[in-house]
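Undergrad: Please find the sequence and the predicted model below.
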Amino acid sequence: MNWLMVVLGALAGAPLRYLTDRAVQARHDSAFPWGTLVVNLVACTVLGFLTGAVTATTVPPALQHLVGPGLCATLSTYSTFSFETVRLAGTGARLFAAANAVVSVAGGLAAAFLAGAAAEALFG
């Protein structure tokens, strides 16, 4: 049953990631990968909230699998983040590459931590 929940979450997460990335990027006339940054920060926030909720209360395993390794794992994309950062550096946009790396990592960690703390405060 858990594997089915992961598959169902992935079926939602992958297209949501692509469509969100395209929608966000279309609104910015920049080489900076705004779409990837947004989907990664959203996934970190949701996963942090789920983790905080699991810590503070009982969350059914099926929901954990649906949202965690299903939705969040396919919504976020470390490979695209890495590729875009290397591409930016390779084309001379080193400041954008450095900003992407710092904001993605620090922002993702901060989002996960704050969302986890919020969930623990809400459910604890």
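TA: The structure has been received and is ready for your questions.

Undergrad: does Phe32 count as helix, strand or coil?
TA: coil (DSSP: H, G, I helix; E, B strand; the rest coil).

Undergrad: Do I have it right that it meets Ala99?
TA: Yes - under the criterion of CB atoms under 8 Å, Phe32 makes contact with Ala99 at 7.3 Å. Placement of C-beta: from N, CA and C, glycine included.

Undergrad: If you count surrounding residues, which of those two has more?
TA: Taking other CB atoms under 10 Å, Phe32 and Ala99 do not tie; Phe32 has more neighbours (18 against 15).

Undergrad: Once you drop chain neighbours, what's closest to the more buried one?
TA: Phe96 (5.1 Å; CB to CB, 6 or more residues apart in numbering).

Undergrad: Would you state the predicted confidence (pLDDT) at the one you found?
TA: With respect to pLDDT, Phe96 has a value of 97.

Undergrad: Please tell me how far it sits from Tyr18.
TA: Phe96 sits 22 Å away from Tyr18, going by CB to CB, to the nearest Å.

Undergrad: Of the two, which one has the most company?
TA: Each of Phe96 and Tyr18 has its neighbours counted (other CB under 10 Å); Phe96 has more, 19 against 15.

Undergrad: thought the more buried one was touching Leu37?
TA: No - when contacts are counted by CB under 8 Å, Phe96 is not listed as touching Leu37 (11.0 Å).

Undergrad: List the contacts of Phe113.
TA: Residues near Phe113 by CB atoms under 8 Å, 6 or more residues apart in numbering: Gly48.

Undergrad: 10 Å - rerun?
TA: By CB atoms under 10 Å, 6 or more residues apart in numbering, Phe113 lies in contact with Cys44, Gly48, Thr51, Gly52.

Undergrad: how many other residues sit next to Gly52?
TA: 23.

Undergrad: Do you have the helices of this structure handy? List them.
TA: 2-26, 34-56, 61-65, 73-75, 78-90, 94-123 (DSSP state H).

Undergrad: other SSEs contacting the second one?
TA: Read it as helix 34-56. Contact partners of helix 34-56 among helices and strands, from 3 or more CB pairs under 10 Å, 6 or more residues apart in numbering; DSSP states H and E: helix 2-26, helix 61-65, helix 73-75, helix 78-90, helix 94-123.

Undergrad: Thank you kindly, that will do.
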